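K.L.:
next comes the sequence, and after it the predicted model I'd like to discuss.
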Amino acid sequence: MTEFIQSLVDGVALGSLYALAALGIGLVFGVMRLVNFAYGELITAAAYTLLLTKDLPVGLRIILALAVAVALSLIMEFIFRPLRVATPATMLVTTFAISFMLQNVAVLVFGTRGESMNFLPDLNKAFEIGDIRIRWITVVSIVAGAGLLSATAYVLNRTDIGLQMRAAAADFRTARLLGVKATRVIVFAFALSGVLAAVVAMMLAVQRPLATPSFGFLVVIPALVGVVVGGLDRLLPATIGGFLIGFATVIISDLLPSESRVFLNSALFGLVIVVLLVRPNGLFIQGAASGERL
Amino acid sequence: MSKFVRSWELVGPALLVVAVALVGTTTSDSLQLQFRSVLVTASIVVALHVFIGNSGVISFGQVSFVAIGAFGAGVATTPVDVKPFAFPELFPFLKELELSNVESLLLAAVLGGVYALVVGVPLMRLSGLSAGIATFAVIIITNNVFRNWERIGPGAKTLTQIPETTSFLQATVGLLIVIAVAYAYQRTRQARMLRAAREDPPAAQSSGVDIYRQRLLAFTLSGALAGFAGGLLVHLAGTLTTEQVFLDLTFITLAMLVVGGIGSLWGSVLGALFIAGLNAYLTEAERGVRAFGLDVDLPSGTRLIALGAIMALVLLFRPSGLTGGRELAWPFVRRARATPGG
């Protein structure tokens, strides 16, 4: 029983992390129909910022990581502008090409061997409730995840720009006809997704202290899968999908007998296939097919 | 339109392939391996085109069929006296299996086709991004199983001592076979129905097209060709690891298809030869050799950056790829523009 609760706690922690990444991907997809593979490189860029600012005060490091991720996200937005009229396949492969390029820039500049970011290592310490060990970073992840999700929900539901984003996500052309400025909404979505990327990078930096060129890519793949499993068309389902992938990863890994744990990915992605077959439009999306998009 | 002009859609790409192969035979030894590898990569991309180009559904899973073909052909041709020592965990019948080169290529095609059929039966009901992610799950599972199940392959070890039989002749003939099959399929009624479904699913359905059935057919054929290309791949350098037939190959071949122009055979051949050729050239340039009459010495590590940047630039400035998804038109006759995918 204790072990089970322990896995639940760990699952919630990883889930919160993937949920934030999923939200960042979903925000951009909502307004631009663009699956940004290069989102992982925003996370990686924030991680390398933490690495390069090792000797500065923590507050400054956080601000710089946020600034770098947002700046890179805005640059990406500018580069992707010609893609607004492109087919989904072209969009996907272009963002992949950018991701591929940036990963290799990181290889060239920093090498493939990871270097320790030394970011708030004390958060890895644990406290105990009964027999359950909880690391502080788990608490921070969950609180930050919940906090940022609520903040995003507030922006989307209670502010002008949020309303415009939701309008653009629902029907981009009609929103434009009604006076929503396309570029402004898209720029805002990219900026917000940059903030989320930096936060994901910081959460990860505590638990996986080595900054490597594939640091962010390894998060984006499961988050992206979660987004599609949850339902790409709506933000909340997409975010919950991201959460569930993280949660399921931990739970399945603990359920598998130790000698077959190497087949974790097979079990997890087998489950993904089953869910997609049963609910092709997303686990939490009701109603008719959204049609052929890709 | 005369039959001759129409067949240019097949002859044109084939001539380009032969020309590239002939240029390759005149180069130095290390460049020759690069050229042969370009030809094999192109076979994989044309195999991808058979499904993705005709159906318009992006599949991240086709490299699974390359992998099963490659490991099948590789294990079947590794000498029987080596296998019990190098890979003691193999199933006994695999340890005793020893096929000739051509037999192993046929085995690779059959394995690829059967695996694609098995995977396709449930998955071809999906479309859009769900299909993309489901096929992505297939490549993850395939890699995970090959890497950890030592009864069917080398596991995390490297498969070695495979006969290096993919000569220039074999790589070229192999690619030409793949192109010819892709072309022959493209001209069938089934492929036309599939392309109709790509352009307008409801209209195609209401005209009686069974989209699921046509997708499954294309998926299986694409799987068989991908398996065959995997066979060529494993015999190229004589060694193979699971990482060689995983995400990098998936993304790079997909990028070649899109850069060439999704939807046409010509696009897949051109995109593959362009990007794979560029990659080969940059590899040589990193080593600082004199290639194609230019003295280039790039710092190592710049190859992949340049490759990524060029792919992105092509797509940003030509979103529908180099060919715009059109087949190659006979250059000497004035006529109406060819429709995408012919």
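P.N.:
Done, it's in. Numbering: from 1, shown residues only, chains lettered A, B, ... in the order given.

K.L.:
show me where the stretch 151-294 of chain A has strands.
P.N.:
Secondary structure of the stretch 151-294 of chain A, counting by DSSP state E, counting those that start in this stretch: strands at A:210-211.

K.L.:
find the closest residue to chain B in it.
P.N.:
A:Phe269 (3.8 Å; C-beta to the nearest C-beta). Using the backbone N, CA and C atoms, a C-beta is placed for each residue, glycine as well.

K.L.:
so who does that residue touch?
P.N.:
The contact partners of A:Phe269, by C-beta atoms under 8 Å, 6 or more residues apart in numbering or on different chains, come to A:225, B:137-138, B:140-141, B:144.

K.L.:
mind checking pLDDT for it?
P.N.:
Per-residue pLDDT puts A:Phe269 at 93.

K.L.:
by neighbours, which of the contacts of A:Phe269 wins?
P.N.:
B:Ala137 (27 neighbours; other C-beta atoms under 10 Å in any protein chain shown).

K.L.:
which non-adjacent residue is nearest the residue of the stretch 201-342 of chain B found nearest chain A?
P.N.:
Using C-beta to the nearest C-beta, the single residue of the stretch 201-342 of chain B nearest to chain A is B:Gly308, 2.9 Å away. Using C-beta to C-beta, 6 or more residues apart in numbering or on different chains and skipping the chain neighbours, the partner closest in space to B:Gly308 is A:Met101 (2.9 Å).

K.L.:
for my notes, confirm B:Glu98 occurs in a helix.
P.N.:
No - read with DSSP: H, G, I helix; E, B strand; the rest coil, B:Glu98 is coil and lies in no helix.

K.L.:
tell me how far the ends of stretch A:113-123 are from each other?
P.N.:
24 Å (C-alpha to C-alpha, to the nearest Å).

K.L.:
what's it in contact with?
P.N.:
Contacts for stretch A:113-123 (C-beta under 8 Å, 6+ apart): A:47, A:50-51, A:54, A:58, A:61, A:135-137, A:140, A:202, A:205-206, A:209-212, A:215.

K.L.:
contact partners for B:Leu216?
P.N.:
Neighbour list for B:Leu216: B:117, B:120-121, B:124 [criterion: C-beta under 8 Å, 6+ apart].

K.L.:
centre of the chain versus the helix or strand encompassing it, how much separation?
P.N.:
Following DSSP states H and E, one finds B:Leu216 within helix B:211-237. When C-alpha coordinates are averaged (C-alpha atoms, centre = their mean, to the nearest Å), helix B:211-237 and its chain have centres 8 Å apart.

K.L.:
where is pLDDT lowest across the contacts of A:Phe269?
P.N.:
For the contacts of A:Phe269, the least confident entry is A:Val225, with 90.

K.L.:
quick one, phi psi at the closest residue to chain A within the stretch 1-150 of chain B?
P.N.:
When scored by C-beta to the nearest C-beta, the stretch 1-150 of chain B has B:Ala137 as its residue closest to chain A, at 3.8 Å. Per-residue torsions, B:Ala137: phi -60, psi -40 (degrees, to the nearest 10).

K.L.:
do you know how far the closest residue to it other than its chain neighbours is from B:Phe136?
P.N.:
Nearest residue to B:Ala137, sequence neighbours excluded (C-beta to C-beta, 6+ apart): A:Phe269, at 3.8 Å. Relative to B:Phe136, A:Phe269 is positioned 8 Å away (C-beta to C-beta, to the nearest Å).

K.L.:
who touches both of the two?
P.N.:
A:Val225.

K.L.:
returning to that earlier point: what about the helix or strand following the helix holding B:Leu216, near chain A?
P.N.:
Note on helix B:211-237: by DSSP H and E, the next helix or strand toward the C-terminus is helix B:247-260. Yes - applying C-beta under 8 Å from any C-beta of the partner chain, one finds helix B:247-260 in contact with chain A at B:251, B:254-255, B:258-259.

K.L.:
so where's chain A uncertain?
P.N.:
A:286-294 (pLDDT under 70).

K.L.:
what's the single longest helix in it?
P.N.:
helix A:2-32 (DSSP state H).

K.L.:
burial count for the nearest residue to B:Arg36 once chain neighbours are set aside?
P.N.:
Among residues not flanking B:Arg36 along the chain, B:Ala171 sits closest, at 4.6 Å (C-beta to C-beta, 6+ apart). Counted with other C-beta under 10 Å, residues neighbouring B:Ala171 total 26.

K.L.:
hang on, isn't B:Ala171 packed against B:Val18?
P.N.:
No - the pair B:Ala171 / B:Val18 is not scored as a contact, 11.6 Å apart, by C-beta atoms under 8 Å.

K.L.:
give the contact list for B:Leu107.
P.N.:
B:72-73, B:76, B:99, B:231.

K.L.:
distance to chain A added to those residues, as CSV?
P.N.:
As requested, the contacts of B:Leu107 are exported to CSV (distance: C-beta to the nearest C-beta, whole Å):
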residue, distance to chain A
B:Gly72, 19
B:Ala73, 23
B:Ala76, 24
B:Leu99, 28
B:Gly231, 25
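
K.L.:
among the residues of helix B:247-260 next to chain A, which ones are buried?
P.N.:
Buried by 16 or more other C-beta atoms under 10 Å in any protein chain shown: B:251, B:254-255, B:258-259, out of the residues of helix B:247-260 next to chain A.

K.L.:
dump these into TSV; add distance to B:Ala67 and pLDDT as well.
P.N.:
Below are these laid out as TSV (distance: C-beta to C-beta, whole Å; pLDDT from 0 to 100):
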residue	distance to B:Ala67	pLDDT
B:Phe251	15	87
B:Leu254	15	90
B:Ala255	18	89
B:Val258	21	89
B:Val259	23	91
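
K.L.:
and these as JSON lines, adding distance to B:Glu284?
P.N.:
Putting those into JSON lines (distance: C-beta to C-beta, whole Å) gives the following:
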{"residue": "B:Phe251", "distance to B:Glu284": "22"}
{"residue": "B:Leu254", "distance to B:Glu284": "24"}
{"residue": "B:Ala255", "distance to B:Glu284": "20"}
{"residue": "B:Val258", "distance to B:Glu284": "25"}
{"residue": "B:Val259", "distance to B:Glu284": "21"}
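
K.L.:
closest one of those to B:Gly132?
P.N.:
The closest of those to B:Gly132 turns out to be B:Leu254 (C-beta to C-beta; 10.3 Å).

K.L.:
leaving aside the residues next to it on the chain, what's closest to the closest one?
P.N.:
Once flanking residues are discounted, B:Leu254 sits nearest to A:Val93: 6.2 Å by C-beta to C-beta, 6+ apart.

K.L.:
what about the one you found, how many neighbours?
P.N.:
Neighbours of A:Val93 (other C-beta under 10 Å): 28.

K.L.:
what is the burial count for the closest residue to B:Tyr212 other than its chain neighbours?
P.N.:
In space, B:Tyr212 comes closest to B:Met124 once its chain neighbours are excluded; the distance is 5.5 Å by C-beta to C-beta, 6+ apart. Number of residues near B:Met124 (other C-beta under 10 Å) recorded here: 26.

K.L.:
and B:Met124, its phi and psi?
P.N.:
phi -70, psi 0.

K.L.:
that one contacts B:Ala218, doesn't it?
P.N.:
No - under the criterion of C-beta under 8 Å, B:Met124 makes no contact with B:Ala218, lying 9.0 Å away.

K.L.:
by mean pLDDT, point me to the weakest helix or strand of chain B.
P.N.:
strand B:290-291 (a mean of 56; mean pLDDT, DSSP states H and E).

K.L.:
outside of stretch B:152-170, which residues touch it?
P.N.:
Stretch B:152-170 is contacted from outside by B:21, B:24-25, B:32, B:35-36, B:39-40, B:71, B:74-75, B:77-79, B:82, B:86-87, B:89-91, B:94, B:101, B:145-149, B:174, B:232-242, using C-beta under 8 Å, 6+ apart.

K.L.:
which ones among the residues you listed map onto helices?
P.N.:
B:21, B:24-25, B:32, B:35-36, B:39-40, B:71, B:74-75, B:77, B:86, B:94, B:101, B:145-148, B:174, B:232-237.

K.L.:
out of these, which end up buried?
P.N.:
Buried, going by 16+ other C-beta under 10 Å: B:21, B:24, B:35-36, B:39-40, B:71, B:74-75, B:77, B:94, B:145-148, B:174, B:232-236, out of the ones in helices among the contacts of stretch B:152-170.
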